[in-house]
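Undergrad: Got a predicted structure here, sequence first:
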Amino acid sequence: MPERLENRHAELVTAVVDWFGEHARDLPWRRPEAGPWGVLVSEFMLQQTPVSRVLEPWAQWLQRWPSPATLAADPPGEAVRMWGRLGYPRRALRLHAAAVAIVERHDGQIPADHDALLALPGVGAYTAAAVSAFAFGGDEVVLDTNVRRVLARAVGGVEFQANSPTAAERRLAAEVWPPEGAARWSAAAMELGALVCTAATPRCVDCPILADCAWVTAGRPPHSGPPRRGQAYAGTDRQVRGRLLEVLRASEEPVAAARLDLVWDDPVQRDRALASLLTDGLVVRRGKEYALP
DNA sequence: AACACGTGGCT
DNA sequence: TAGCCAAGTGT
């Protein structure tokens, strides 16, 4: 690797980490008392979900289940109920399954090892790296959507990253990644992406690496890559699933099919959505009625 | 590899 | 206001 490239990246890392020292939010899962379990729960909840919506559910979750063992001892449906309106409720099911696996495989302790984390339900490349880095100080390349966007702009000179992480991105992230203080760099880059280098309207005037940003230097050219896929919601099975689960979460007792019929007019789509919930294990059948698992 | 998967705040 | 977007994972 050319010497110049290394120096440039080292300056970028230093500037972002210094900025983080001044502007980091005081998030509860960043405090030492959160512990590995607090970090793991936060990472599940933060998947595709803004920080502001996670704060309250995270605190309630940890108050009710202060350890993997306490969660594992309750039925998975209680996790789905507690998940409330956070969205993507399969995450609740997987977090419960991860707690069970942690009890069974790891004596109730969150593993620090990347591969052991990766083997847990609902834990992918990002979450494994994040928990290893943030809960245990592991030297991991944490490549989330914020880090990817910061690198795409600052180094790549383009407005948006690819639709999914590429080999080139991983290589770049590994180059920028400092051998010392990797966890702090990752947290800092994520924070910069979340607060300043945002997707829609970046606050470049507040950016600590404005002068070094390849995208700004290039005149902030608009995105020219393949179209970024949106997420339709209204009228989709997802919306119907959400309605069905909303009814079941609100009821301590099994619910008759007739009550579920009220949430959506189209019976074909309604049945399809309910069937998919049953397949996912988010709903179980109790005789002629339905309930959380 | 493209697609499904919730919900709500922001512009 | 109707998209756009948010600390991804599993299939």
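TA: Noted; the coordinates are in hand.

Undergrad: domain assignment for chain A?
TA: Annotated domains of chain A cover A:1-10+A:18-22+A:141-218, A:31-136, A:237-291 [the TED database].

Undergrad: okay, these in JSON lines with distance to DNA strand C next?
TA: (C-beta placed from N, C-alpha, C; glycine too.) Below are the domains of chain A laid out as JSON lines (distance: least, CB to the nearest atom of the strand, whole Å):
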{"stretch": "domain A:1-10+A:18-22+A:141-218", "distance to DNA strand C": "3"}
{"stretch": "domain A:31-136", "distance to DNA strand C": "3"}
{"stretch": "domain A:237-291", "distance to DNA strand C": "9"}
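
Undergrad: and whatever residue of the stretch 1-150 of chain A ends up closest to DNA strand B, how many neighbours does it have?
TA: The minimum distance from the stretch 1-150 of chain A to DNA strand B, using CB to the nearest atom of the strand, falls at A:Gly87 (2.1 Å). Burial of A:Gly87 is recorded as 14 neighbouring residues (other CB atoms under 10 Å).

Undergrad: try A:Gly281
TA: Residues near A:Gly281, counting by other CB under 10 Å: 15.

Undergrad: repeat for the one 3 residues further on
TA: Neighbour count for A:Val284, taken as other CB under 10 Å: 17.

Undergrad: Buried deepest among the domains of chain A, which one?
TA: Per-stretch averages of neighbours, counted by mean count of other CB atoms under 10 Å, single out domain A:31-136 among the domains of chain A, with a mean of 19.

Undergrad: picking that back up, in contact with the residue of the stretch 1-150 of chain A closest to DNA strand B, which residues?
TA: Shown in contact with A:Gly87 (CB atoms under 8 Å, 6 or more residues apart in numbering): A:Gln48, A:Thr49.

Undergrad: Got phi/psi on A:Pro89?
TA: phi -70, psi -10 (degrees, to the nearest 10).

Undergrad: Adding mean pLDDT, write the domains of chain A out as JSON lines.
TA: Listed next are these as JSON lines, based on pLDDT from 0 to 100:
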{"stretch": "domain A:1-10+A:18-22+A:141-218", "mean pLDDT": "91"}
{"stretch": "domain A:31-136", "mean pLDDT": "98"}
{"stretch": "domain A:237-291", "mean pLDDT": "97"}
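
Undergrad: mind checking which of those domains is nearest A:Arg229?
TA: Among those, the nearest to A:Arg229 by CB to CB is domain A:1-10+A:18-22+A:141-218 (6.7 Å).

Undergrad: Distance from the closest one to the middle of the chain?
TA: Going by CA atoms, centre = their mean, to the nearest Å, the spacing between the C-alpha centre of domain A:1-10+A:18-22+A:141-218 and its chain's C-alpha centre is 18 Å.

Undergrad: now stretch A:252-269
TA: 31 Å.

Undergrad: Between the two ends of stretch A:193-209, what distance do you get?
TA: Stretch A:193-209 has an end-to-end distance of 12 Å (criterion: CA to CA, to the nearest Å).

Undergrad: interface residues of the stretch 101-250 of chain A facing DNA strand B?
TA: A:163-164, A:200-201, A:229, A:231, A:233, A:236-239, A:241-243, A:245-246 (CB under 7 Å from any atom of the strand).

Undergrad: Show me which pair in the residues you listed is furthest apart.
TA: The span of these, defined through CB to CB, is set by A:Thr201 and A:Leu245 at 33.4 Å.

Undergrad: Would you map the helices across the stretch 51-200 of chain A?
TA: In the stretch 51-200 of chain A, the helices defined using DSSP state H, counting those that start in this stretch lie at A:51-64, A:68-72, A:76-83, A:90-106, A:114-118, A:125-136, A:145-154, A:167-176, A:182-195.

Undergrad: residues in contact with the second one?
TA: Applying CB under 8 Å, 6+ apart, the external contacts of helix A:68-72 come out as A:37, A:64-65, A:79, A:95-96, A:98-100, A:102-103, A:108, A:110.

Undergrad: Which of the helices of the stretch 51-200 of chain A sits closest to A:His23?
TA: helix A:182-195 (6.7 Å).

Undergrad: Next secondary structure after the closest one?
TA: For helix A:182-195, the following helix or strand on the C-terminal side (DSSP states H and E) is helix A:214-217.

Undergrad: could you point out which element follows that next one?
TA: Following helix A:214-217 in sequence order, the next helix or strand is helix A:237-250 (DSSP H and E).

Undergrad: Which elements pack onto that next one?
TA: Judged by 3 or more CB pairs under 8 Å, 6 or more residues apart in numbering; DSSP states H and E, helix A:237-250 is in contact with helix A:76-83, helix A:257-260, helix A:267-280.
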